[in-house]
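turn this into a structure:
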Amino acid sequence: MNIEEAKELVDNSKFYGKTSSVIKAEVRDIIDQLNQPKPEVPQCVADWIEECKEEDLTLKGLFSNSDMPAKIFDWIFGSDENCRLMAEAWINGYTVEKEKLYTVDLPNGQPLVRGINTLYFSQNLATENVKLTESEIRKDFEWAWQFAEEVTE
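Numbering: from 1, shown residues only. Here you go, the predicted structure:
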């Protein structure tokens, strides 16, 4: 429910003859139904949350799991804000940050493209699989990062 729907529900509610505490309780119930924006987290954090939920961990277990990957640990404990976002994502759900996409063209015009299980430089200058994430590029072609250009859509 959005704010306008909540206002309409309050306006259409019949409060006649009810005590103020009952009215407050009904309004609070309506407020509780409002859709709150969900925190946005990186894909690796979303994957970690899902893995921990599959293991039936608690919020405390999420933060203290000894199997936590270093990348997740660094993200969570890198700032108080990220700690808060992680807890909020665990409790209320989350959305996943859309990773920036890049194209990599060598000076000779060859694009770096995504194959079935690998990346490679193509002779086909009109190929379509050229939008890649930073991690995909850096994984096997760190040296090519200097030629990366962010995709603007």
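
residues in contact with the worst-scoring helix or strand of the chain on mean pLDDT?
The weakest-scoring helix or strand in the chain, judged by mean pLDDT, DSSP states H and E, is strand 119-121 (a mean of 72). Strand 119-121 is touched from outside by L106, Q110, P111, L112, V113, L132, E136, I137, K139, D140, F141, with contacts defined as Cβ atoms under 8 Å, 6 or more residues apart in numbering. C-betas here are computed from N, CA, C, even on glycine.

TSV for the residues you listed, including neighbour count, secondary structure and pLDDT?
Compiled in TSV, the contacts of strand 119-121 are given as follows (neighbours: other Cβ atoms under 10 Å; DSSP: H, G, I helix; E, B strand; the rest coil; pLDDT from 0 to 100):
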residue	neighbour count	secondary structure	pLDDT
L106	11	coil	77
Q110	16	coil	75
P111	21	strand	74
L112	24	strand	76
V113	19	strand	77
L132	24	strand	82
E136	17	helix	82
I137	20	helix	83
K139	11	helix	84
D140	12	helix	78
F141	17	helix	80
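
closest to A25 out of those?
Minimum distance to A25 across the contacts of strand 119-121 is 52.2 Å, recorded for E136 (Cβ to Cβ).

which residues does the closest residue to the closest one other than its chain neighbours bridge with?
Computed as Cβ to Cβ, 6 or more residues apart in numbering, the closest residue to E136 that is not its neighbour in sequence is L119, at 6.3 Å. Assessed by DSSP bridges, L119 has beta-bridge partners R114.

what's the answer for D105, then?
In beta-bridge terms (that is, DSSP bridges), D105 pairs with P111.

do you know the pLDDT at it?
Per-residue confidence at D105 stands at 79 (pLDDT).
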